[in-house]
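Novice: how would this look folded up:
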Amino acid sequence: MLKLCVVGNPNELDHFMNDFKSQPQYDVNQESKEYDICNQEELRVMANVDFKPKVRKSMTVKLQTKEGKELEISLLDGIVVQLDDSVTYVSGRVFDIFA
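Specialist: Alright, predicted model coming up:
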């Protein structure tokens, strides 16, 4: 378990904590929430965080060169986002079975 302390603007901090709690791989239990006595514009949140690994899925990206050769890249936790008609963002973790 990790203990997390986050300090900042109350509005931004609430959005951050809500987003963080929505991540399925983390179990977030808020321990305390307090305002700075001198500065009401600053909020401090203490939370306990447990990492719960999700089922990891593998993904294979295939690229083809102009010469017709094919390159395969295996990724864990792959994400593909189509940014526009000509740009696709691909992200993931590369693993080496021989490492």
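
Novice: May I ask you to name the longest strand in this protein?
Specialist: strand 70-84 (DSSP state E).

Novice: Return the angle between stretch directions for the next helix or strand after that one and strand 70-84.
Specialist: Counting by DSSP states H and E, the element after strand 70-84 in chain order, helix or strand, is strand 87-94. When axes from the mean of the first three to the mean of the last three Cα atoms, to 10 degrees is applied, the directions of strand 87-94 and strand 70-84 differ by 130 degrees.

Novice: Strand 87-94 pairs with which strands, and in what direction?
Specialist: Under the criterion DSSP bridges, strand 87-94 sits next to strand 70-84 (antiparallel) in its sheet.

Novice: buried ones in the strand it pairs with?
Specialist: Across strand 70-84, burial judged by 16 or more other Cβ atoms under 10 Å covers 75, 78. Quick note: C-beta positions are derived from backbone N, CA and C, even for glycine.

Novice: which residues are contacting that strand?
Specialist: 56-65, 88-95 (Cβ atoms under 8 Å, 6 or more residues apart in numbering).

Novice: Measure how far it is from the centre of its chain, please.
Specialist: Chain-centre distance of strand 70-84: 16 Å, with Cα atoms, centre = their mean, to the nearest Å.

Novice: now swap in stretch 10-23 and tell me
Specialist: 13 Å.

Novice: ok, and what's touching that stretch?
Specialist: For stretch 10-23, the external contacting residues (Cβ under 8 Å, 6+ apart) are 6-8, 26, 28, 30, 35, 41-43, 45, 47.

Novice: Mark which of those are buried, thanks.
Specialist: 28, 43, 45, 47.

Novice: Pull the distance from the helix or strand containing residue 61 to the chain's centre.
Specialist: Taking DSSP H and E as the definition, one finds residue 61 inside strand 58-64. Centre-to-centre, strand 58-64 and its host chain are 22 Å apart (Cα atoms, centre = their mean).
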